[in-house]
Structures are given as C-alpha cells and as structure tokens.
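Undergrad: Just a sequence and a predicted model for now, questions to come.
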Amino acid sequence: MKHYFLLFSLLSFLLLPQSGQSQVYQSDENMSQGTNPALVVEIEVPDSKLVENVWKDFMKSYGGKTKKSKNGEWLTTGADIVGVNGVAPMSIYAKTSSGSDGNVQHTVWFDRGDSYLESDQKKEYEEAEKMLLAFAQECKIENTSRELSAAEKKLRSLENDASRLIRQNEGYHKDIEQAEKRIEQAKEDIAKNEEQQADTAEKVSLQKELLEEIKQRLKDLKKN
C-alpha cells in the first residue's frame, strides 16, 4: 500500500505534459553532517511551505518518519527506497529554500550508510532523480490545486457580490416605485387640499357677511 502514492506520482510525472519540467542536478552542499553530495531539484512553485508539506507526505509513502530539526533541516529515518539503497532502510536529509527566480529549491541528501548518493552511482542516482521529479510534479499538482481552490473562492465571492448588487438594484427600484406612489398620493392630497381651501375660504367669506348682518341688526335694535 505504501508504494501506491509513489506509483501515482511517477505516473503523473510521465503522463502529464512536460513543458516547464523541473530539473535535478548534483551539488556538494552543507548540511548537519558536513558537506556532502546532494541532489537538488528546482520546483516551479512559489511557496516553500507547500513543498515541505508535500515532502512530509511523500516520504510517508516510503515508510519513513520525517521530522524537522532546529536548523530547518528535514530528517527522514527508516525510508525504504529499494531502487536507491536495496532492502536496507536509509536516512534522507532535506532542506527547502526559496530561489531568486521565485521558485523553490529542494536539496536532498541520500545517506546510504557508508556514503551519500552521487551521480557516479548511475543506476541508483537515476532512481533518485526520477523520485525527485515525481515529487516535484506532486508539488506542482498541489500548487495548482490550491490555485484552483483560491480561484473558486474568488468566483464565489464575486458571484455573491453580483447577487448582492442585483438585490440592491431591486431594492432601489422598489424604493423608486414606493416613492412614485407617495408622490402620486401627495398630488391627490394637494388637489384635495386646494379644493378644501377654496371651500373653506368661501365659508369664511359667508360667515363674515353673516357676522356683519348680525352686527347691523344689533345696531338697529339699539337705536329703537
């Protein structure tokens, strides 16, 4: 079961388009055990944390236990990589850093017990190289999956914004409709008010005439 992940990674590496393929090269690099031959893989992803997380999972497929030391170096113990070290479990050291080009550089030391793997051990080196290229492919798949997730999240956010704006627009139209109804009602109220004002003004005029008539009658009565 533990080799299924490796098999999937290798198949992904072989079947997917190879444009922008990662490169593996040998270099003598400083590490906790001194300066030793290492395999360096350049991975076209921007996040070193992503690479480290994928590396931990990738190492599980070989039965290894991986821990990070205080100096930032990853140590995998008990790794079972037949193509590199036969049936003997081995230790693997690794370190991840960000390159100047924005990509991630992953440096791996394969401790074979009496020596560290290097290119003159052709067959074993080629197996390790394939393994690291498959690992790089896994990193790119994970990075692309995260990009997809982020794009989907952004799309949902934009769709929510669009829905909110539609509801807002409908609300504005409703406000206008209600305002227009209030305006029409106000126009009717104004017309009715003006009629009432005219009627009341006429009543006031008649009442004044009546008042004058009563005053005159009172005045006439006092004369008698």
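TA: Happy to help now that I have it.
Undergrad: how much space between Phe135 and His173?
TA: As for Phe135, its distance to His173 is 57 Å (criterion: C-beta to C-beta, to the nearest Å). Where C-beta positions appear, they are placed from N, C-alpha and C, glycine not excepted.
Undergrad: and the two? which has more neighbours close in?
TA: Remark: of Phe135 and His173, Phe135 carries more neighbours, 27 against 10, as counted by other C-beta atoms under 10 Å.
Undergrad: Now Ser100. Its backbone dihedrals?
TA: Backbone torsions of Ser100, given as degrees, to the nearest 10, read phi -70, psi -20.
Undergrad: what separates it from Lys65, distance-wise?
TA: 33 Å.
Undergrad: Just give me the residue right at the centre of the chain.
TA: For the chain, Ala150 is the residue whose C-alpha lies nearest the centre (C-alpha atoms, centre = their mean; 3.1 Å).
Undergrad: That one should be in a helix, yeah?
TA: Yes: according to DSSP: H, G, I helix; E, B strand; the rest coil, Ala150 belongs to a helix.
Undergrad: So between Ser100 and Lys65, which is more surrounded?
TA: Ranked by neighbour count (other C-beta under 10 Å), Ser100 and Lys65 place Lys65 first, with 12 against 6.
Undergrad: Please report how far the more buried one lies from Glu127.
TA: 21 Å.
Undergrad: cool, and Asp111?
TA: Asp111 is 15 Å from Glu127, by C-beta to C-beta.
Undergrad: do the same with Gln216
TA: Gln216 is 131 Å from Glu127, by C-beta to C-beta.
Undergrad: tell me the contacts of Lys65?
TA: Thr76, Thr77, Gly78 (C-beta atoms under 8 Å, 6 or more residues apart in numbering).
Undergrad: okay, and the helix or strand of this structure with the least pLDDT?
TA: helix 4-15 (a mean of 43; mean pLDDT, DSSP states H and E).
Undergrad: and the next element down the chain from it?
TA: Of the helices and strands lying after helix 4-15 in sequence (DSSP states H and E), the nearest is strand 23-31.
Undergrad: and that following strand, which strands flank it?
TA: strand 34-43 (antiparallel) (DSSP bridges).
Undergrad: list the buried ones in the strand it pairs with?
TA: Buried residues in strand 34-43, counted by 16 or more other C-beta atoms under 10 Å: Asn36, Pro37, Ala38, Leu39, Val40, Val41, Glu42, Ile43.
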